[in-house]
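S.K.: Fold the following, please.
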Amino acid sequence: MTFELPKLPYAYDALSPYMSAETLEYHHDKHHKAYVDKGNELAEKAGMGGKSLEEVVVASFKDKSQQALFNNAGQHWNHIHFWNWMAPKGGGRKMPGTLEKSITESFGDFDTFRGKFIEAGMTQFGSGWAWLVLGPNGKLEIMKTPNGENPLAHGKTAILGADVWEHSYYIDYRNARQKYLEAFVDNLVNWEHVAEMFEKGPLKVAA
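M.R.: Next comes the predicted model:
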């Protein structure tokens, strides 16, 4: 398949004041587009042009000679979902019941989940991501990854991810990563999309 830059599912200013139009313009139109363009070039060179994006991510992660391809394919996958993991008037505790039940069973309560998710983003040194993932056993857990690495590469299914690269938040929050993560959970998360990914269950990708 050819990587394609998806359109944002909302207007550039729709997430304001928690994420500005300027941040979305740079992040989507420049950073994500660069991953798409470079990923297409490298996938073709690697003979992976016919594979699905998920297959490219897994195959390039396993082949250390394809690190550059993995970086771009991984970030493309991450960002396709990142835009959908946010919504105007999102965030907070209102979420579909099955997801809420699983979060409570996995973490004890929503506040504990919130704290652990923010902590994962805060303790990821340098660029990377904080994740809520569905393990092969169906249990929810928190993890973090460096750079463009994602749970998919480790056999786990991401159902929520927060980008903690500085280009995600520096225009709006400068170096206050914690304020960005708090705003993300409290005001931006599209719980309907998270629940949709949760209901699909563990993602199975051909090795």
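
S.K.: and the residue sitting nearest the centre point of the chain, what are its phi and psi?
M.R.: Closest residue to the average C-alpha location of the chain: G161 at 3.5 Å, with Cα atoms, centre = their mean. G161 adopts backbone torsions of phi -140, psi 140, taken as degrees, to the nearest 10.

S.K.: Okay, and the beta partners of it?
M.R.: W131 (DSSP bridges).

S.K.: my guess is it contacts W77, does it?
M.R.: No: in this structure, G161 is not within contact of W77 by Cβ atoms under 8 Å, at 9.8 Å. C-beta coordinates here come from the backbone N, C-alpha and C atoms, glycine included.

S.K.: which residues are in contact with both of the two?
M.R.: In terms of Cβ atoms under 8 Å, 6 or more residues apart in numbering, G161 and W77 are both contacted by the residues N150.

S.K.: coming back round to it: and the residue nearest to the centre of the chain, how far is that from K179?
M.R.: Relative to K179, G161 is positioned 18 Å away (Cβ to Cβ, to the nearest Å).

S.K.: same question, F82
M.R.: 18 Å.

S.K.: Can you pick out the residue with more neighbours from those two?
M.R.: Using other Cβ atoms under 10 Å as the criterion, F82 and K179 rank with F82 on top: 20 against 14.

S.K.: Quick one: list the elements packing against the helix or strand hosting the more buried one.
M.R.: F82 belongs to helix 67-84 when assigned by DSSP states H and E. Secondary-structure packing of helix 67-84 (3 or more Cβ pairs under 8 Å, 6 or more residues apart in numbering; DSSP states H and E): helix 33-45, helix 53-62, strand 157-163, helix 191-200.

S.K.: closest one to G92 among these?
M.R.: Of all the helices and strands packed on helix 67-84, helix 191-200 sits nearest to G92, with 8.3 Å by Cβ to Cβ.

S.K.: how about that closest one: buried residues?
M.R.: Burial within helix 191-200, assessed by neighbour count using 16 or more other Cβ atoms under 10 Å, is assigned to 191, 193-195, 197-198.

S.K.: now the angle from that helix to helix 67-84?
M.R.: Here helix 191-200 runs at an angle of 120 degrees relative to helix 67-84 (axes from the mean of the first three to the mean of the last three Cα atoms, to 10 degrees).

S.K.: now what about helix 191-200, what contacts it?
M.R.: So helix 191-200 is in contact with 81, 84-85, 87, 90, 94-96, 98-99, 102, 132, 134, 157-160, going by Cβ under 8 Å, 6+ apart.
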